[in-house]
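Asker: here's a sequence, model it:
(one chain, ligands or ions: 1)
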Amino acid sequence: MPAKLNPASKPSPASARDLPSTGRLITTAELATHNTPASCWLAVRGKVYDVTSFLDRHPGGRDLLLFAAGRDATQVFETYHQFKVQGTLPKYLIGDLADNELPVFPAPSPFFVAVKERVYEHLRTNVTSDPKWAVGMWVRYAGIYSMVVAAWYAQLWVWPQGGWAQWLAAVVLGFFCAQIGLNPLHDASHFAVTHSPWVWKLLGATHDYLNGASYVVWIYQHMLGHHPYTNIPNADPDIATNEPDVRRIKAVQPWYKHYLHQEWFVPVLYGVLSIKTRIQDVTILYTLKKNDNIRINPLTAWHEAVFWSGKAFFVFYRLVVPVVFAGLSVGRTLALFLVADLVSSYWLALTFQANHVVEETKWPEPNERNEMSIDWAEMQVATTQDYAHDSAFWTIATGSLNYQAVHHLFPEISQYYYPMIAPVIMKTCQEFGVKYLVQRTFWDALGSHLKYLKVLGLNTHEEDLKKKEAKAQ
Ligand code: HEM
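Answerer: The predicted model follows:
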C-alpha cells in the first residue's frame, strides 16, 4: 500500500543548494573545461563537485560521470538516485555555480517526493525486489535479435530471387531494427537493465552494429538532453529547429508560408529519420561537438572504437554482403535497404511524435536567468502524452512508449514494470492535482500530433493564443 501523504504538508528533501556557501564562485564556462577523467567536475543544485577521485568507485560506472561531467547534472542525478544519495555529495564540494547554462528547476516538489517514494514502496512490497531485472525483457531482446538475423538471412538466401517474400523480409527486418532502438538500446541508455555498466555498454553497442547509429550520440541527445529538458525550446535537442525549418512544432518559431498544411508533408519526411541520424552522428561527435545545446565530452577509446567499427559493420552487413556474398544486384540491395529503413524510421518517428508534439502537452520556458517555475517531475507529466494503456500489443511494439509519462518519471526502472506502476503514478497525480494525459488508442494520439501540426501551420495561431490569454485574464 502506498504511504498516505498530505500533499500540502510533505516537505521537499533537503536540497544541495541548502549547503553553506563555499566562498568560491565557478562559472559554467569554467565548469565546462573539467570534463575528462583527469578532472571531472559536475554541478548539482547550484553546487559544484569534483568527482575525479570517485570515478572508479561510482556504482553506476565511470562512463556516466564522464557523460555528465562539465555541466549541471541536477536532473540526471535526481532521476537516477533516491534522494538519500544526496548525502554522498558534500565530501566532493568545491564551489558554488555562478550562472545557469541551461534551465534549472525548483527543489523537488511534494508531488515529486511522494511519487518517487510511493512507486518504490509499491515495487518493493508488491512487485519485485529488483526493478532493473525482468526475465520477460530478456525474452523480448532474444526475440528481437533473432528476428533481425532471420529476416536479414531470409532476404538474401531464402528468397534471393525477389518477389513479395523478399520484400516482406525487408519490412520485418526494418520493424525489428526499430525494436532494437525501442528496447535494448533505450533500456541500456537509461541503465534500466541489470546493474552492470558492461551490460549497458554491450546492449548499447548492438545499436551501433545492427542499426548503424550511435549509442553515445543517443545518450547525449536523449538521456542528457531530452529527458532533463522535455519540450523546453533551446534545451531539448529533440525539438531543435533551424529558422526557417521544414516544420513548425513550437509556437516560438516564426511563421513561414510553407508551414501551411504541414500536416500533409511533414509525416512523409519522417521516413528519412534513420539516414539523417546516421549522418548527424558524425557531425555531432566530430565537427559540431554538441547536439543543439548539449555539449559532447571527449570520447573514451571504447566509445570511439564502437562508433567506427559499428558504422563499418553496418555498411558491410547491409550493403556489401548482399552484393558480394549473396549475389544481389546493387539496385535490388539499395531498394531492400530503403524499404527496411523506411519501416524503421516511420515506426520510430510516429511512436515518438505521438508522445510530446501533440495538442495538449505544454511547452514550458525559463525566465531570463534560465530558471523554471515548474517542478521537474510535474513538468514531465505536463509535457507528455500516453496512449493505449490497455493494449499489450502497443506496450510491446512501442517498447512501452505508450507509458511515456511513466518512463519520463522513472526511466531507471525496467519498462517491463511500467504497467504495474502506472496506477500508482496516476493516483498520485490525481491527488496532487497534476493533469495526466492519456489517449485511448495509438491512433487518437497520432491524430493529436497531426492536428497539432495543422494548428501550428496556420498563421492565425499566434492571434488565437493572444485571444485565449486575454480571455483568461
Ligand atoms: C555527484 C555525482 C554522483 C554521485 C556522488 C553518485 C553516487 C551514487 C551512489 C552512492 C550510488 C549507489 C546508490 C544508488 O544506487 O542509489 C549510485 C548509483 C548510480 N548512479 Fe550515481 N552518482 C553520481 C552521479 C551520477 C550521474 C551523473 C548518473 C547518470 C548519468 C548516475 C547514475 C547512477 C546509476 C544508474 C546508478 C545505479 C547503479 C546500479 O544500477 O546499481 N550517477 N550513484
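Asker: secondary structure class for whichever residue of the chain sits closest to the ligand?
Answerer: The nearest approach of the chain to the ligand comes at Gly60, 2.8 Å away (C-beta to the nearest ligand atom). Every C-beta, even on glycine, is put in place using the N, C-alpha and C of the backbone. Assigned by DSSP: H, G, I helix; E, B strand; the rest coil, the conformation of Gly60 is coil.
Asker: do Tyr286 as well
Answerer: The three-state label given to Tyr286 by three-state DSSP is helix.
Asker: surely Val343 and Gln179 touch.
Answerer: No - between Val343 and Gln179 there is no contact under C-beta atoms under 8 Å: 11.0 Å.
Asker: for the ligand, what are the nearby residues on the stretch 1-150 of the chain?
Answerer: Residues of the stretch 1-150 of the chain lying close to the ligand (C-beta under 6 Å from any ligand atom) are 42, 44, 49, 51, 54, 58-60, 64-65, 67-68, 73, 76-77, 80-82, 85, 88-89, 132.
Asker: list only buried entries from those.
Answerer: Among those, the ones that count as buried by 16 or more other C-beta atoms under 10 Å are 42, 44, 49, 51, 64-65, 67-68, 73, 76-77, 80, 89, 132.
Asker: in the protein, which residue is closest to the centre?
Answerer: Central residue of the chain (C-alpha atoms, centre = their mean): His222, 3.5 Å from the mean position.
Asker: correct me if wrong: it contacts Asp187.
Answerer: No - assessed by C-beta under 8 Å, His222 is found out of contact with Asp187, at 11.9 Å.
Asker: which non-adjacent residue is nearest the residue nearest to the centre of the chain?
Answerer: Spatially, and ignoring its direct neighbours in sequence, His222 is nearest to Ser189 (5.9 Å; C-beta to C-beta, 6 or more residues apart in numbering).
Asker: burial of that neighbour, as a residue count?
Answerer: Neighbourhood size, Ser189 [other C-beta atoms under 10 Å]: 24.
Asker: ok, it - contacts?
Answerer: By C-beta atoms under 8 Å, 6 or more residues apart in numbering, the contact set of Ser189 is 200, 204, 215, 218-219, 222-223.
Asker: now for those residues: which two are most distant?
Answerer: Pairwise distances across those (C-beta to C-beta) peak at 13.4 Å, for the pair Trp200 and His222.
Asker: re earlier: filter the residues of the stretch 1-150 of the chain next to the ligand down to just the ones in helices.
Answerer: 64-65, 67-68, 76-77, 80 (DSSP state H).
Asker: more crowded one of Val343 and Gln179?
Answerer: Using other C-beta under 10 Å as the criterion, Val343 and Gln179 rank with Gln179 on top: 26 against 21.
Asker: so who does the more buried one touch?
Answerer: Here Gln179 is in contact with 144, 147, 397, 399 (C-beta under 8 Å, 6+ apart).
Asker: from what I can see Pro237 touches Lys290, true?
Answerer: No - when contacts are counted by C-beta under 8 Å, Pro237 is not listed as touching Lys290 (9.1 Å).
Asker: only the buried residues of the helix or strand where Gly136 lies, if you could.
Answerer: Assessed by DSSP states H and E, Gly136 sits inside helix 135-153. Within helix 135-153, the residues that count as buried by 16+ other C-beta under 10 Å are 137, 140-141, 144-145, 147-148, 151-152.
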